[in-house]
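[1] Take this sequence and fold it.
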Amino acid sequence: MAEETTAAQPVLRKDDNTIYVGKKPSMGYVLAALTQFTNGATEIAVKARGKLTSKAIDVVQILKNRYMNDVAIKEVKIGTEELTGEDGRVSRVSIIEIYLKK
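    Numbers count the residues shown, from 1 in each chain. Sure thing, here's the model as predicted:
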């Protein structure tokens, strides 16, 4: 008996307006935030962990000071996450979450 397959539907998550900062250039994340606000989002979150927390702050400041003066920082959360490596060792990593509101 053959199974019927259909095209995968995108899964809508509560945090669709979340930008996870990684190793790409900062302007890529700034453009992603601009796109979110342009598409009608009133709030977005910029999240990063480890050494990339400073890049998340840079992204928010570039967005606020150069492109969208009407964006305000609603809330900033900092904390620590525990990550388990492939070898089973647990390491702690700092995290930052910056919530922006238009």
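
[2] what packs against the longest helix anywhere in the chain?
    Taking DSSP state H as the criterion, the chain has its longest helix at helix 26-38. Counting contacts by 3 or more C-beta pairs under 8 Å, 6 or more residues apart in numbering; DSSP states H and E, helix 26-38 packs against strand 18-20, strand 43-49, helix 53-62. C-beta coordinates here come from the backbone N, C-alpha and C atoms, glycine included.

[3] just the ones you listed: most buried one?
    Of these, the one with the most neighbours on average (mean count of other C-beta atoms under 10 Å) is strand 43-49, at a mean of 20.

[4] So residue 41, which state does it fall into?
    Using DSSP: H, G, I helix; E, B strand; the rest coil as the criterion, the local structure at residue 41 reads coil.

[5] Give me the nearest residue to it, chain neighbours excluded.
    Once flanking residues are discounted, residue 41 sits nearest to residue 17: 4.7 Å by C-beta to C-beta, 6 or more residues apart in numbering.

[6] give me the low-pLDDT residue ranges for the chain?
    1-15 (pLDDT under 70).

[7] how about the helices and strands packed on helix 26-38, which one is nearest residue 74?
    strand 43-49 (6.8 Å; C-beta to C-beta).

[8] show me what contacts residue 32?
    Going by C-beta atoms under 8 Å, 6 or more residues apart in numbering, residue 32 touches residue 19.

[9] And it, how far from residue 50?
    According to C-beta to C-beta, to the nearest Å, residue 32 and residue 50 sit 20 Å apart.

[10] Then residue 78?
    Counting by C-beta to C-beta, the gap from residue 78 to residue 50 is 12 Å.

[11] residue contacts, residue 97?
    Applying C-beta under 8 Å, 6+ apart to residue 97 gives the contacts 45-47, 75-78.

[12] One more: residue 34?
    Residue 34 sits next to 63, 67-68 when contact means C-beta under 8 Å, 6+ apart.

[13] which residue is nearest the centroid of the chain?
    Nearest to the mean C-alpha position of the chain, by C-alpha atoms, centre = their mean, lies residue 19 at 2.1 Å.
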